[in-house]
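In: Provided below are the primary sequence and the corresponding predicted coordinates.
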Amino acid sequence: MKINPNRSVTLLELLMSLLIMSIVLAALTSINTFINHNALSSDRRSKLQNEVSYTLEHMTKEIGKARGNEVASGAGKVLAITASASAGGQVIRFLANDNDYAVPGNWAAYLYIPQGYPNSYQIRYCEKCADTDCNSCSFPASWAALPANYIIARKVKVFVPDKPMINDPSDQRLNQNYFSVRITSCWDPALASPPDGTSENPCITMETRMKMPSVSTH
């Protein structure tokens, strides 16, 4: 068979070549987009996990120093969970500096600021409260003016603290003497997301129990 060296490419062959090239380029683009998308989601999840881990470690360390005995002194005299309209959120206050619960400066606290308040989704730490309910912070500053290193979390969508009910003999957790916290943080907590979030807006949920060895329940 003799091949004609001057033979040109037909329109059909040109269209087939362009089609194949388009398919290959589309596949490569999809793979690249998929890789970048997963890398971004993984990076965001990692950062969220680091923030939540740090928050729980901070709380475990500080609340673990709580002083006193609620069985002897009464419920809420060592650790209490309260809603604070003036502070703009939920307060976990605990007796940290001495066992005299009547002295405001002996109380330390964490403030969770939910959606709808200034600085929403943050958890802030106060070393010394200005009142026994910790509606105000005196050291290192007021709740609103705390320095950046006292803002220990910034993306908390769900914050669920829990403690044994000292006045409820049926609460079996009394013998375990612990305080627990569950935190869900999302990359953009202002967005509505399913429990695990989405690839663009991932969420991380972590929970821990905090032993309070100096708060005897016996």
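Out: Arrived safely.
In: secondary structure element for Val24?
Out: helix 11-63 (DSSP states H and E).
In: quick one: mean pLDDT over that helix.
Out: For helix 11-63, mean pLDDT rounds to 83.
In: which strands and helices sit next to that helix?
Out: strand 89-95, strand 122-126, strand 151-153, strand 178-186, strand 203-211 (3 or more CB pairs under 8 Å, 6 or more residues apart in numbering; DSSP states H and E). C-beta here means a position set from N, CA and C on the backbone, and glycine is covered the same way.
In: quick one: the second one to strand 178-186, angle?
Out: Read that as strand 122-126. 140 degrees (axes from the mean of the first three to the mean of the last three CA atoms, to 10 degrees).
In: now tabulate the helices and strands packed on helix 11-63 in JSON lines and tack on mean neighbour count and distance to Pro104.
Out: Shown next, in JSON lines, are those (neighbours: other CB atoms under 10 Å; distance: least, CB to CB, whole Å):
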{"stretch": "strand 89-95", "mean neighbour count": "24", "distance to Pro104": "10"}
{"stretch": "strand 122-126", "mean neighbour count": "23", "distance to Pro104": "11"}
{"stretch": "strand 151-153", "mean neighbour count": "20", "distance to Pro104": "22"}
{"stretch": "strand 178-186", "mean neighbour count": "22", "distance to Pro104": "21"}
{"stretch": "strand 203-211", "mean neighbour count": "17", "distance to Pro104": "23"}
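In: got those as TSV, with mean pLDDT and distance to Gly76 columns?
Out: Formatted as TSV, those follow (pLDDT from 0 to 100; distance: least, CB to CB, whole Å):
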stretch	mean pLDDT	distance to Gly76
strand 89-95	91	9
strand 122-126	96	17
strand 151-153	96	23
strand 178-186	90	13
strand 203-211	89	17
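In: quick one, which of those is nearest to Ile23?
Out: strand 203-211 (36.6 Å; CB to CB).
In: relative to that closest one, what are the paired strands and their orientations?
Out: strand 178-186 (antiparallel) (DSSP bridges).
In: from the chain's centre, how far out does the helix holding Val24 sit?
Out: Counting by CA atoms, centre = their mean, to the nearest Å, helix 11-63 is centred 23 Å from the centre of its parent chain.
In: ok, stretch 10-24 next?
Out: 52 Å.
In: offset the numbering so it begins at 21, please.
Out: Will do, 21 is the new start, and the previous item becomes stretch 30-44.
In: now do the buried residues in stretch 74-83.
Out: Residues of stretch 74-83 classed as buried by neighbour count (16 or more other CB atoms under 10 Å): Thr75, Leu76, Met79, Glu82, Ile83.
In: could you single out the nearest of these to Ala128?
Out: Glu82 (6.5 Å).
In: right, and the closest one touches Ala129 too?
Out: No - counting by CB atoms under 8 Å, Glu82 sits too far from Ala129 to count as a contact (9.7 Å).
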